[in-house]
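Enquirer: With the sequence up front, the predicted model follows.
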Amino acid sequence: MKKILFAIGLAGGLLAGVENANAAARTAGTTVAGASDIATFTVDITLTPKCVIDTIGALAINYTPVSKTAATYATGTTTIAGKCTGGVTVAADVNVDDASDNSVTDQFTGLVYKLLFPGDVVSYASVPVTSNDFSFTLTGKIKEDQFGTCGGASSKTVGVTTCTNTTSTNKTRTVTLSY
């Protein structure tokens, strides 16, 4: 019986010595052959939401005056598409010259047009992004009771069938995403 107890005591002492060697090795940053230890840790991630516009095309409106009293509009649309951190709420806004009626007066043609998101609003607010992709449709409207100009001199040229606002100084508009 003494031999067994002595063997158990000797083995216990050896195990204690190995554990002390492991502890010393961890403190020193080295390992002891045949030693192991397990520890857990957490991974903390901070995600800053971001939205980017991937595509936005030109908004083209083909306009022909109908009458001085027309209550209809010539329209054109473009789609604003991009990616966003999922789970955020996005609002889109487009700059206009007159916020009271969401309008812009084109410098070249003299035509007044409106830039509107669905619901005929200039700001498209509180749209939750459930996946990473988003898109908004932007509509341009010109009330068909305007006659406009073709940049001044060209309106007097015989044979002019159309004119475009290619050289208009205010044809570039800005869309802003808020999230």
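Expert: Done, it's in. Everything numeric here is computed off the predicted structure, so don't read it as measured data.

Enquirer: all helices of this structure, in order?
Expert: Listed in chain order, the helices of the chain (DSSP state H) span 2-28.

Enquirer: From the recorded domain assignment, give the ranges for it.
Expert: 1-39, 51-178 (automatic domain parsing).

Enquirer: and those domains, which one is worst for confidence?
Expert: Ranked by mean pLDDT, the domains of the chain bottom out at domain 1-39, with a mean of 57.

Enquirer: For the residue positioned nearest the centre of the chain, which non-adjacent residue is spatially closest?
Expert: The residue lying closest to the centre of the chain (CA atoms, centre = their mean) is Cys51, at 2.5 Å. Leaving aside its sequence neighbours, Cys51 sits nearest to Cys84 (CB to CB, 6 or more residues apart in numbering; 3.9 Å). To be clear about C-beta, it is placed using only N, CA and C from the backbone, and glycine gets the same treatment.

Enquirer: what about the one you found, neighbour count?
Expert: 23 (other CB atoms under 10 Å).

Enquirer: roughly how far apart are it and Val94?
Expert: Distance of Cys84 to Val94, computed by CB to CB, to the nearest Å: 18 Å.

Enquirer: need the strands for the protein, in chain order.
Expert: Using DSSP state E, the strands found in the chain span residues 51-56, 73-84, 89-94, 103-105, 112-116, 123-128, 133-143, 175-178.

Enquirer: now those in CSV, with distance to Phe41?
Expert: As requested, those are exported to CSV (distance: least, CB to CB, whole Å):
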stretch, distance to Phe41
strand 51-56, 32
strand 73-84, 31
strand 89-94, 34
strand 103-105, 56
strand 112-116, 52
strand 123-128, 34
strand 133-143, 34
strand 175-178, 37
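
Enquirer: So what pairs up with Ile53 in the strands?
Expert: Gly82 (DSSP bridges).

Enquirer: List the contacts of it.
Expert: Applying CB atoms under 8 Å, 6 or more residues apart in numbering to Ile53 gives the contacts 80-82, 175, 177.

Enquirer: In terms of distance to Val112, which of these ranks first?
Expert: Checking the contacts of Ile53 against Val112 with CB to CB, the nearest one is Val175 at 19.9 Å.

Enquirer: Fine by me, we can end here.
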